[in-house]
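[1] Take this sequence and fold it.
(one chain, ligands or ions: 1)
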Amino acid sequence: MKLLIAKDYEDMSKKAAQIIIDQVKQKPGSVLGLATGGTVIGTYKMLVDDHKRHRTSYKQVRTVNLDEYVGLHPSNKNSYHYFMKTHFFDHVDLPANQTFIPNGLADQVEEECKQYEQLIAQLGGIDLQLLGIGRNGHIGFNEPGNPFSSKTHCVTLTESTRLANARFFKSVDEVPTHAITMGISTIMKSKKILLLASGTKKAIILSRFFNEEVNEQNPATILKTHKHVTIIADEQALSLM
Ligand code: GLP
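    Numbering: from 1, shown residues only. All right, here's what the predicted structure looks like:
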């Protein structure tokens, strides 16, 4: 596990973007595992800036997103489809049919999860998975207690996650109760993993991450057993270490 200490959010985003750019340059047909949330917005902004300036190309890249809310239409501003389009997909040369996000509107959610898991395998697995971390240690939407063996599945979101994400909605009542997420085992199969954390709101969970044994009540701790994990955290996120 490698820890890169960033000065602040901007520095974290810059360092993360550089790792993704290097990956795409080394392997233009990379499969990138992508994440949503406030933490990664700056990284996408840097990737878009770099694409404009240096023409780093995503023409051969395939992307698979970690998760999506159940019940939100892709045109809903709070859907992760919408997030990805506005923050990244619309601004680079990535063909739309090479981007994949779980379908939160699927009639047969179980079947959708199964197919998504198969799709990732058919793409040859994930080369580099980008991750944020929830304040309760969730990665993707794998909430505390979720088995490490889980594959892509539907989850009931915890009250704390719904409250944390309510800032993007008009009220907490509008935050969906369920989501489809890659499972922990899906994430762990990625060849490389890049976890980002910024700000004092992530300080408690980061100190728990570094100090606790691997345990399912703190899902992110499993990353300590992965062969190729880089964590980029800023000074505020590391302030309780
Ligand atoms: C969300 C997402 C996660 C994300 C996390 C942190 O619920 N499902 O993939 O990493 O919460 O979000 P933020 O970056 O906004 O703190």
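
[2] Could you measure from Phe89 over to the ligand?
    From Phe89 across to the ligand, the span is 17 Å (C-beta to the nearest ligand atom, to the nearest Å). Where C-beta positions appear, they are placed from N, C-alpha and C, glycine not excepted.

[3] And His73, by the same measure?
    Distance, His73 to the ligand, by C-beta to the nearest ligand atom: 18 Å.

[4] Then Ile126?
    Distance, Ile126 to the ligand, using C-beta to the nearest ligand atom: 14 Å.

[5] Tell me how many other residues crowd that residue.
    Burial of Ile126, expressed as a neighbour count using other C-beta atoms under 10 Å, amounts to 25.

[6] buried stuff in the lowest-mean-pLDDT helix or strand in the chain?
    Lowest by mean pLDDT, DSSP states H and E among the helices and strands of the chain is helix 159-165, with a mean of 93. Across helix 159-165, burial judged by 16 or more other C-beta atoms under 10 Å covers 161-162, 164-165.

[7] got a list of what the spatially most central residue of the chain touches?
    Geometric centre of the chain, nearest residue: Ala35, 2.4 Å, by C-alpha atoms, centre = their mean. The neighbours of Ala35, taking C-beta atoms under 8 Å, 6 or more residues apart in numbering as the test, are 65-66, 129-132, 140.

[8] how about a cut-off of 10 Å?
    If you count contacts by C-beta atoms under 10 Å, 6 or more residues apart in numbering, Ala35 has them with 43-44, 65-67, 80, 83-84, 129-133, 139-140, 194-196.

[9] Looking at the residues you listed, which are in strands?
    Residues of those located in strands (DSSP state E): 65, 67, 129-131, 194-196.

[10] Make CSV from those and add pLDDT and neighbour count to it.
    Below are these laid out as CSV (pLDDT from 0 to 100; neighbours: other C-beta atoms under 10 Å):
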residue, pLDDT, neighbour count
Asn65, 98, 24
Asp67, 98, 22
Gln129, 99, 28
Leu130, 99, 26
Leu131, 98, 24
Leu194, 99, 25
Leu195, 98, 25
Leu196, 99, 28
